[in-house]
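Participant: Next one to model:
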Amino acid sequence: MMLTPQEVLQQQKIRGDTVVAIGAAYTANPTGQEHIKIATDAASNIYAYDYLRVMFKPTLASDVQFRPNPQDALSYFVGHSDHIAGAPGIHMEDTGFAVKPWSSVVFHNHGIYCSGDICDAMGVYDFTDANINNVTTVEYTFGYKKFPGGNIRIFLHHSSLPFQPAR
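Facilitator: Have a look, this model is predicted:
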């Protein structure tokens, strides 16, 4: 059950498209539930929460730096209690990274290394703001694993903004 770099590229496209879809659904109906459904599905279909402990360090998290369960990921993607009132694992610092909205997410891999059913990918990805067309570049390291049945999930996610030295 080998995982290939091509499969990682496909998973990266799916993740990027999902982030865009969450924001588009929120923009279309901010009080609806479609963006929450897409984000909830992403926690199961993109991340390995159903299989093992996920190590998720999102880009814009400082008070609660790690998101080890699907509720924590949902809070990060769609925002704190305004969107998921009463859900465990919600964090007041979360403004909804995926509801920004973004018009595109493009991965630029520095490298992909695969061994058996695991691949690591490192690089930068560009998020294009759907409202003003600005691009935010984020550094990342992701770990992917292929599980029985061919399901490929992210088990390691570390994202950060590039270092800005004092001038």
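Participant: Kindly export the strand ranked longest in the chain (C-alpha atoms) in CSV.
Facilitator: In the chain, with assignment by DSSP state E, the single longest strand is strand 102-115. Extracted C-alpha coordinates of strand 102-115, given in CSV (Å, rounded to 0.1, in the frame of the first residue of the first chain):
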residue,chain,number,x,y,z
TRP,A,102,-10.1,32.7,-0.2
SER,A,103,-10.5,32.4,-4.0
SER,A,104,-7.6,30.0,-4.4
VAL,A,105,-5.1,27.9,-2.5
VAL,A,106,-1.9,26.9,-4.4
PHE,A,107,0.8,24.6,-3.0
HIS,A,108,4.4,25.0,-4.0
ASN,A,109,6.3,22.0,-2.7
HIS,A,110,9.9,22.3,-1.7
GLY,A,111,9.9,18.6,-1.6
ILE,A,112,7.9,15.4,-1.1
TYR,A,113,9.5,12.4,0.5
CYS,A,114,7.7,9.1,0.5
SER,A,115,8.4,5.8,2.3
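Participant: So which residues make contact with it?
Facilitator: For strand 102-115, contacts defined as CB atoms under 8 Å, 6 or more residues apart in numbering pick out 2-5, 8-9, 12-13, 15-17, 19-20, 23, 119-130, 133, 140. Heads up, the C-betas are built off the backbone N, CA and C, glycines and all.
Participant: Now whichever helix or strand comes after it: average pLDDT?
Facilitator: For strand 102-115, the following helix or strand on the C-terminal side (DSSP states H and E) is strand 118-129. In this model, strand 118-129 has an average pLDDT of 97.
Participant: so where do the strands sit in the chain?
Facilitator: So, for the chain - with DSSP E - the strands run 55-57, 102-115, 118-129, 135-146, 152-160.
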